[in-house]
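**Q** prediction below, plus the sequence it came from.
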Amino acid sequence: LYEQLRQVEPAITLQMDLLSGARDDLERRKWTIRLAHLYSSLAHDVEHAELTLQQARKTWPHDAEVLRALCQLYQNSNQQAALQLLLDRASREARNQLTQGMLELQPFDTLLTIAELNGKQAAAEIIAAARAVLQGRSQPAPGLGPRAMAHRVEKFLLPDAVPPALRALLHEVGSALDRAVAQDLPQLTATPLYTVDAQLAAECNQVAQSVGVESIEFFVSPELGVEAVAHNSSPPQLVFGQKLLALADRPLLFFFLYRGLRAVSAHCCALLRGSGADAQLRLWALLCCFAPDWQPPGMARDLIQPLADKISAQLPSPLPHEATLLASEVIHSFASRATQLNALLERWVMRTALLASGDPWVALRAVAAQVTGDATLPGQGVPDGGVERARFIANAHLARDLLLFCTTDECGAAREQGRTANVP
């Protein structure tokens, strides 16, 4: 009432009384923000409003509502430099919180507030979706679908630790490695998908064509769990687990579909199957094909040569000059870190599927299926309780990486670029 009557002194005095009588921390924060608002809008005392909110930031350093109030004050008083400094500092603090401990709501709230204040809708949507996961619910952001595999999006998704030379080498000759180590489909007792579900097979083919993967074969195997395995890139083959189809869960199935299509189109199927040690051995064997005198670190070449010979039989003759140069660069820049390759590529294909889907909750269920072999109720493969769910995310490195990725500038930029990108 005092505010409506423009009576400054009684309004501020009453607000201070309310603040003094606050029953808890939440109410104290509410009345502090309200007091700053009265200083600014009623008394036109920006200095007192700023001091009030700066003190509030010291009391509640990670509170998104206090941050929003101070940012709006700077916006309204045209203090652009102070606003940008505050946003940058708050962003750094929130990201430090996320990388140093268990994932909690507060830093997600802060980063969501910053994205909204900066007018970055695409970033805000996916941060809000990741925040919902921490609360045990799905709040999907608009998915990019096939645009998640557009070239202009890819650079934001590939982990920095993967050198461009390796990505280019796989594009040139990765299919030879895939053919050399492909498991026989009869061993998986795989059945063509179109004989099991013709409509689903047609839908999967339509998605594959939209991302530039032509003439792909889809199979179903009772030997696989709740998963889809990129079996080969030449010819393109993807095998769904029978348990995945039995769930009749389209969001999860299409998440795995995009994951598999990313692997097939990148010619890295062989490097994603098996363990980190398997991927290291296979990459080293591929590199040996281009560097006859190279000695892999810590391993006798004789142990790798049989696999290298199998890969050589799949390579064109003579060897492409460009691929030889790329292999030399990979040897010098990445070969000693090849044990990381499987995990790095897994992050890449899962990030792609996440952007295609737009739902971090589905991504978390996919990780749970890989870890536990289950994605069914209750909890849909993810622990139902808040503490157990937080512990699962903390211990499942891929789950943590995906949720953290949702808060990054790269994810926001990928979504922004993807909205206007041409499909591959």
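**A** Yep, it's here. Small disclaimer: the values here were computed from a predicted structure and weren't measured. Numbering: from 1, shown residues only.

**Q** ramachandran angles for residue 294?
**A** Here is the backbone geometry of residue 294 (degrees, to the nearest 10): phi -80, psi 140.

**Q** got a list of what it touches?
**A** 287, 288, 301, 331 (C-beta atoms under 8 Å, 6 or more residues apart in numbering). For the C-beta atoms, the positions are set from N, CA and C on the backbone; glycine is no exception.

**Q** tell me which two of the residues you listed sit farthest apart.
**A** For the contacts of residue 294, the farthest-apart pair by C-beta to C-beta is 301 and 331; their separation is 13.0 Å.

**Q** neighbour-wise, which of the two wins?
**A** residue 331 (19 against 15; other C-beta atoms under 10 Å).

**Q** alpha carbons of the helix or strand containing that one, as PDB, please.
**A** Using DSSP states H and E, residue 331 falls within helix 321-333. Provided in PDB are the C-alpha atoms of helix 321-333 (Å, rounded to 0.1, in the frame of the first residue of the first chain):
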ATOM      1  CA  HIS A 321      48.800 -40.400 -49.200                       C
ATOM      2  CA  GLU A 322      46.500 -38.100 -47.200                       C
ATOM      3  CA  ALA A 323      45.700 -41.000 -44.700                       C
ATOM      4  CA  THR A 324      49.500 -41.700 -44.300                       C
ATOM      5  CA  LEU A 325      50.100 -38.100 -43.300                       C
ATOM      6  CA  LEU A 326      47.100 -38.200 -40.900                       C
ATOM      7  CA  ALA A 327      48.300 -41.400 -39.300                       C
ATOM      8  CA  SER A 328      51.800 -39.800 -38.700                       C
ATOM      9  CA  GLU A 329      50.100 -36.900 -37.000                       C
ATOM     10  CA  VAL A 330      48.000 -39.200 -34.800                       C
ATOM     11  CA  ILE A 331      51.100 -41.200 -33.800                       C
ATOM     12  CA  HIS A 332      52.800 -38.000 -32.600                       C
ATOM     13  CA  SER A 333      49.800 -36.300 -31.000                       C
END
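
**Q** show me the contact partners of it.
**A** Helix 321-333 is contacted from outside by 163, 165-166, 168-169, 172-173, 283, 286-287, 289-291, 294, using C-beta under 8 Å, 6+ apart.

**Q** would you agree residue 174 is in contact with residue 232?
**A** No. At 10.8 Å, residue 174 and residue 232 do not qualify as touching, with contact defined as C-beta atoms under 8 Å.

**Q** what sits against the closest residue to residue 320 other than its chain neighbours?
**A** Computed as C-beta to C-beta, 6 or more residues apart in numbering, the closest residue to residue 320 that is not its neighbour in sequence is residue 172, at 6.2 Å. For residue 172, the contacting residues are 320, 322, 323, 326, by C-beta under 8 Å, 6+ apart.

**Q** ok so, going back, now, which of the contacts of residue 294 lie within strands?
**A** Among these, no member is found in strands (DSSP state E).

**Q** what's the lowest-pLDDT member of the residues you listed?
**A** Lowest in pLDDT among the contacts of residue 294 is residue 301, which has 86.

**Q** residue contacts, that one?
**A** Under the criterion of C-beta under 8 Å, 6+ apart, the neighbours of residue 301 are 288, 294, 295.

**Q** gap between the last one and residue 312?
**A** In this structure, residue 295 and residue 312 are separated by 18 Å, where distance is defined by C-beta to C-beta, to the nearest Å.

**Q** between those two, which is the more surrounded one?
**A** Remark: of residue 295 and residue 312, residue 312 carries more neighbours, 18 against 11, as counted by other C-beta under 10 Å.

**Q** hang on, the earlier thing: and which of the contacts of residue 172 is nearest residue 77?
**A** Nearest to residue 77 among these, with distances taken as C-beta to C-beta, is residue 326, at 54.7 Å.

**Q** what's the local residue count around that closest one?
**A** Counted with other C-beta under 10 Å, residue 326 comes out at 24.

**Q** for residue 199, same thing?
**A** For residue 199, using other C-beta under 10 Å, the count is 8.

**Q** now swap in the one 5 residues further on and tell me
**A** The local packing of residue 204 (other C-beta under 10 Å) involves 23 other residues.

**Q** show me the contacts for residue 59.
**A** Residue 59 is in contact with 29, 32, counting by C-beta under 8 Å, 6+ apart.

**Q** phi, psi for the spatially closest residue to residue 31 that is not a sequence neighbour please.
**A** Leaving aside its sequence neighbours, residue 31 sits nearest to residue 19 (C-beta to C-beta, 6+ apart; 4.2 Å). Note on residue 19: backbone dihedrals following degrees, to the nearest 10 are phi -60, psi -40.

**Q** and residue 314, what does it touch?
**A** 175, 176, 177, 179, 180.

**Q** quick one: buried residues of the helix or strand that contains residue 97?
**A** In this assignment (DSSP H and E), residue 97 forms part of helix 80-100. If you call a residue buried by 16 or more other C-beta atoms under 10 Å, then helix 80-100 has these buried ones: 83, 86, 87, 90, 91, 94, 95, 97, 98.

**Q** again, but for stretch 41-56
**A** For stretch 41-56, burial by neighbour count (16+ other C-beta under 10 Å) applies to 42, 45, 46, 48, 49, 50, 52, 53, 56.

**Q** among those, name the ones in helices.
**A** Judged by DSSP state H, the subset of those located in helices is 46, 48, 49, 50, 52, 53, 56.
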